[in-house]
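A.B. asks: Pasted the sequence and its predicted model underneath.
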Amino acid sequence: MTDQGKRRFETLTVHAGFESDPTTGAVVPGIELAATFEQDAVGQPRNGYEYSRTGNPTREVLERAVAELEGGTHGVAFASGLAATQNLLYLLEPGQRILVGDDVYGGTWRLAQKVWARYGVHVDVADLRDLDALAVALTDTTAMIWLESPTNPLLKVVDIRAVARVAATIGALTVVDNTFATPYLQRPLDFGADVVLHSATKYLGGHSDVVSGVVVTRSDEVAEKLRFHQNAAGAVPSPFDCWLVLRGLRTLAIRMDRACANAAILADWLASRSEVSAVHYPGLADHPQRDLIQRQMLLPGAMLSFQVRGGGTAANAVANATRVFTLAESLGAVESLIEVPAVMTHASVAGSPLEVPADLIRLSVGIEAVEDLVADLEQAFAAGTAAPPATS
Ligand code: PLP
């Protein structure tokens, strides 16, 4: 990983955005619920605060914290990851095009394809691991390249530096959805990306108890536009939501260490199973992009997906049968989750170039004892094979 500054990342996560309250000495930030703030005179807000959609002290701590962790200079927080995505799409003008990776979160695709296309922003798709495919997909009106790495749900790894270089030659912005990796494992701005986006609902919050999103950049110009739209469109997170994400952030590094260690063991175990036809995990010893992964990521992450023999029926049966893994959408929390993307998180990409295989199961590996996770999948394979539930 690149230099994180004087403090190591684990120390930064504990202190980012806030040291202690200068008035009370409180060691955690307060939750500022005020919707409005007294002005000293007409048009003269005290300490810069006037109305909480425009600026809120608790939100600002979160924005500062995530910006520090990503090595950026501006953080802008939103009510969800998709609200953050929407705000980035406001950077585009009708007639411009956005190039997205061919394996991104279904909701990102739905927003770009089904909403923004109506306003004249068009979407192209390419496998961004392939720089020739990227070159072919670019047009002279491409204004933004949108990538995830690792991708959701197939865990494809994209060379962020290579894509950002190409984008810069045509003046397009590179946006990296860093939700899967987190800034602990990967800092896209260090590789030349212009903007980093998080669904803070996931690893940053880390406890499945808040929906939130954050965008980080080093560009004053981009930040100014994002802040304008944050206020103008108003999809801001509540102060309590900001506080919950801040609370989760403090343990980001230690949660990731444990979850990544569990995921590596599970990936190897799955690869040895006869029920499994393919495992998608950046940490596999024979991964063809091993050098890139080691260059770009501190650890290969705690998300993995795998395909089972027996198609969608078998995938559903296994996902229905787990007891420790909870059958649920979302990811990145302390508890392990299992889902079938084709019918759950990625149903909206059916019939599109992003369609995912029906036999794919996605795991968000949590911090439980790995022996219990392995035993749970083992019994789910046995139960799933013995008594597949009826499918509609
Ligand atoms: N990006 C990724 C990679 C996601 O997985 C998700 C949600 O699952 C989002 C963005 C959207 O975030 P949110 O659900 O917080 O709106």
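C.D. replies: Here it is on my side, so go on. Residues are numbered from 1 along each chain as shown.
A.B. asks: Under the pLDDT cut-off, which ranges of the stretch 1-150 of the chain? List them.
C.D. replies: The stretch 1-150 of the chain contains residues with pLDDT under 70 at 1-6.
A.B. asks: Show me which residues of it sit near the ligand.
C.D. replies: 80-82, 105, 107-108, 148 (CB under 6 Å from any ligand atom). (Glycine included, C-beta is placed from N, CA and C.)
A.B. asks: Rebuild those residues as CSV, extending it with distance to F381, neighbour count and secondary structure.
C.D. replies: CSV is the format used below for those (distance: CB to CB, whole Å; neighbours: other CB atoms under 10 Å; DSSP: H, G, I helix; E, B strand; the rest coil):
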residue, distance to F381, neighbour count, secondary structure
S80, 34, 19, coil
G81, 32, 25, helix
L82, 34, 20, helix
Y105, 27, 25, coil
G107, 30, 18, helix
T108, 32, 25, helix
E148, 29, 26, strand
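A.B. asks: Tell me the pLDDT of S348.
C.D. replies: Per-residue confidence (pLDDT) for S348: 87.
A.B. asks: That one: neighbouring residues, count only.
C.D. replies: Counted with other CB atoms under 10 Å, residues neighbouring S348 total 17.
A.B. asks: and what of S208?
C.D. replies: Using other CB under 10 Å, S208 has 20 neighbouring residues.
A.B. asks: My guess is it contacts E335. True?
C.D. replies: Yes - assessed by CB atoms under 8 Å, S208 is found in contact with E335 at 6.8 Å.
A.B. asks: Leaving out chain neighbours, which residue sits closest to the closest residue to the ligand within the chain?
C.D. replies: Closest to the ligand within the chain is G81: 2.2 Å, counting by CB to the nearest ligand atom. The shortest distance from G81 to any non-neighbouring residue, by CB to CB, 6 or more residues apart in numbering, is to S199 (2.7 Å).
A.B. asks: my read is V196 is in a strand, agree?
C.D. replies: Yes - assessed with DSSP: H, G, I helix; E, B strand; the rest coil, V196 lies in a strand.
A.B. asks: Surely it and Q186 touch.
C.D. replies: No - V196 sits out of contact with Q186 when judged by CB under 8 Å, with a separation of 9.4 Å.
A.B. asks: of these two, who's got more company?
C.D. replies: V196 (29 against 26).
A.B. asks: ok, now which ones touch that one?
C.D. replies: When contacts are counted by CB atoms under 8 Å, 6 or more residues apart in numbering, V196 touches 70, 72, 175-176, 178, 183, 187-189, 215-217.
A.B. asks: what separates stretch 148-162 from the chain centre, distance-wise?
C.D. replies: When C-alpha coordinates are averaged (CA atoms, centre = their mean, to the nearest Å), stretch 148-162 and its chain have centres 11 Å apart.
A.B. asks: picking up where we left off before, tell me the residues that contact both of V196 and Q186, please.
C.D. replies: Residues touching both V196 and Q186 by CB under 8 Å, 6+ apart: N178.
A.B. asks: Show me which residues of the stretch 151-300 of the chain are close to the ligand?
C.D. replies: So the stretch 151-300 of the chain meets the ligand at 152, 177, 179-180, 199, 201, 211, 213 (CB under 6 Å from any ligand atom).
A.B. asks: from those residues, which has minimum pLDDT?
C.D. replies: pLDDT across those is at its lowest for N152, which sits at 93.
A.B. asks: what's the burial count for that one?
C.D. replies: 26.
A.B. asks: cool, and A34?
C.D. replies: Neighbouring residues of A34 were enumerated by other CB under 10 Å; the total is 12.
A.B. asks: Confirm V215 sits in a helix?
C.D. replies: No - counting by three-state DSSP, V215 is not part of a helix but strand.
A.B. asks: Bridge partners for it, pull those for me.
C.D. replies: Residues in a beta bridge with V215, per DSSP bridges, are V76, L197.
A.B. asks: returning to that earlier point: my guess is the residue nearest to G81 contacts V215. True?
C.D. replies: No - between S199 and V215 there is no contact under CB under 8 Å: 11.0 Å.
A.B. asks: any residues in contact with both of these two?
C.D. replies: With contacts taken as CB under 8 Å, 6+ apart, S199 and V215 have A84 as neighbours in common.
A.B. asks: related to what we said a few turns ago, distance of the residue nearest to G81 from N87?
C.D. replies: Using CB to CB, to the nearest Å, one gets 13 Å for the distance from S199 to N87.
A.B. asks: quick one: which of those two has more around it?
C.D. replies: Using other CB under 10 Å as the criterion, S199 and N87 rank with S199 on top: 30 against 23.
A.B. asks: Give the buried residues for the helix ranked longest in the chain.
C.D. replies: In the chain, assigned by DSSP state H, the helix with the most residues is helix 252-271. The neighbour-count check on helix 252-271 (16 or more other CB atoms under 10 Å) flags 252-253, 255-260, 262-264, 266-267, 269-270 as buried.
A.B. asks: contacts for it?
C.D. replies: Identification of contacts with helix 252-271 by CB under 8 Å, 6+ apart yields 9-10, 13, 69, 182, 184-185, 203-204, 206, 276, 279, 281, 283-284, 299-304, 306, 334, 336, 363, 365-368, 370, 373-374, 377.
A.B. asks: Now that helix: average pLDDT?
C.D. replies: Regarding helix 252-271, the rounded mean pLDDT is 98.
A.B. asks: same check, this time on stretch 359-367
C.D. replies: Stretch 359-367 shows a mean pLDDT of 98.
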